[in-house]
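>>> need a structure here:
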Amino acid sequence: MKNIPTDLLRTFVTIKDLGGFTSAGELLGRSQPAISLQIKKLESLLDTQIFLRGSNLELTEDGEYLYQAAKQILEINDRAISHLNGENISGRVRLGIPNDFELAFLPKALRNLSRTYPNIMIEVDCDISKIIYQRFQKHQYDICLIMEPERSQEDRDSRDYRTDTLTWIMKTKGFSEFDIVPLVTYPQGCIYRSILERCLEEEGKDYRIVYTSPSLLGIISAVEEGLGLTAMATSVVPPHLSKVLETDSLPRLGSVSIGLYYRERELSVASRYVLDFLRAGLANLAPPPL
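Residues are numbered from 1 along each chain as shown. Have a look, this model is predicted:
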């Protein structure tokens, strides 16, 4: 009778859940070649193929069956270890995050955390990045994620940030041809708004603010109703809205840095687990267009 090592199953499930070998390696603390080798060992042990070759991590029929079974095996394993060894991680983690990333980023990043560490309670606060960072400096958050202008030099851990292209988004493409561009924006202090205004002014393009909201849903609703256009980081644009990556009528908006901030020495055990999952989620955001 063959036995499947749980570390191989955990690697397999993590790859599928996070959507990539690189993201799984960052979460599990292994290199991409090591992750690939583990999958080869698993396929060799079971004498079957679990990923469709050349696909975007699509599973074969055997792979789908193994994925469901592996999740149950790992859940039983982790529950038993936690109970017998007293490793039931718990605690409260305060997290600040920009409005745009609450829907597009947070659920995916923390999906597996709640299953693996159900006693970690996460308090999430959403606002524009400027406000989030001010609160972080006042020690209101254990970890925060913010958007800021792209830096010419980075000295942070590469797992703690990524750059993303800003793109115009709109419901009616004809807005780009207007003499006066109607903008839907967050309140003053939002990095999106400051970049939009600066780029339009540098291009000599007239604009007016037609709708302002502190809520992501408010911004999206206004754009959906055709009130105006706005800008967002490419990786978090809702799929039903039109991205306008290049146009002669609207200026390029450049890129922003999306990064995690925390105080290393003040992180609790629970906060460190949350940080690991946030790093994996940040790495797994949709890549910016070429």
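
>>> distance of the residue nearest to Val13 when sequence neighbours are not counted relative to Val223?
Once flanking residues are discounted, Val13 sits nearest to Ala70: 5.1 Å by CB to CB, 6 or more residues apart in numbering. In short, each C-beta sits where N, CA and C put it, glycine included. According to CB to CB, to the nearest Å, Ala70 and Val223 sit 41 Å apart.

>>> same thing with Tyr65?
In terms of CB to CB, Tyr65 sits 42 Å off from Val223.

>>> swap in Glu58?
32 Å.

>>> who has more neighbours, the two?
Val223 (23 against 12; other CB atoms under 10 Å).

>>> before we move on, which element is that one in?
In the assignment (DSSP states H and E), Val223 maps to helix 216-224.

>>> that helix: which residues count as buried?
216, 219-220, 222-223 (16 or more other CB atoms under 10 Å).

>>> and Val223, how close does it get to Asp164?
If you measure Val223 against Asp164 using CB to CB, the figure is 19 Å.

>>> do the same with Asp17
Applying CB to CB to Asp17 and Asp164 gives a distance of 22 Å.

>>> quick one, helices of the stretch 101-250 of the chain?
Secondary structure of the stretch 101-250 of the chain (DSSP state H, counting those that start in this stretch): helices located at 106-116, 129-137, 191-202, 216-224.

>>> show me the shaky parts of the stretch 101-250 of the chain.
Within the stretch 101-250 of the chain, the segments meeting pLDDT under 70 span 172-178, 242-248.

>>> please enumerate the strands of it.
120-127, 143-149, 161-170, 180-185, 206-212, 230-233, 242-244 (DSSP state E, counting those that start in this stretch).

>>> export the fourth one as PDB, just CAs?
Translated: strand 180-185. Taking C-alpha atoms only, strand 180-185 is exported to PDB below (Å, rounded to 0.1, in the frame of the first residue of the first chain):
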ATOM      1  CA  ILE A 180     -13.700  68.500 -20.600                       C
ATOM      2  CA  VAL A 181     -13.000  65.000 -19.000                       C
ATOM      3  CA  PRO A 182     -15.600  64.000 -16.400                       C
ATOM      4  CA  LEU A 183     -13.900  62.400 -13.400                       C
ATOM      5  CA  VAL A 184     -15.200  60.000 -10.800                       C
ATOM      6  CA  THR A 185     -12.800  60.000  -7.900                       C
END
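
>>> which strands and helices sit next to that strand?
The contact analysis (3 or more CB pairs under 8 Å, 6 or more residues apart in numbering; DSSP states H and E) places strand 180-185 against helix 191-202, strand 206-212, helix 216-224, strand 230-233.

>>> okay, the ones you listed in a markdown table with distance to Glu75 next?
Listed next are the helices and strands packed on strand 180-185 as a markdown table, based on distance: least, CB to CB, whole Å:
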| stretch | distance to Glu75 |
| --- | --- |
| helix 191-202 | 40 |
| strand 206-212 | 46 |
| helix 216-224 | 33 |
| strand 230-233 | 34 |
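
>>> from those, which stretch is densest packed?
strand 230-233 (a mean of 24; mean count of other CB atoms under 10 Å).

>>> with that, I have no additional questions.
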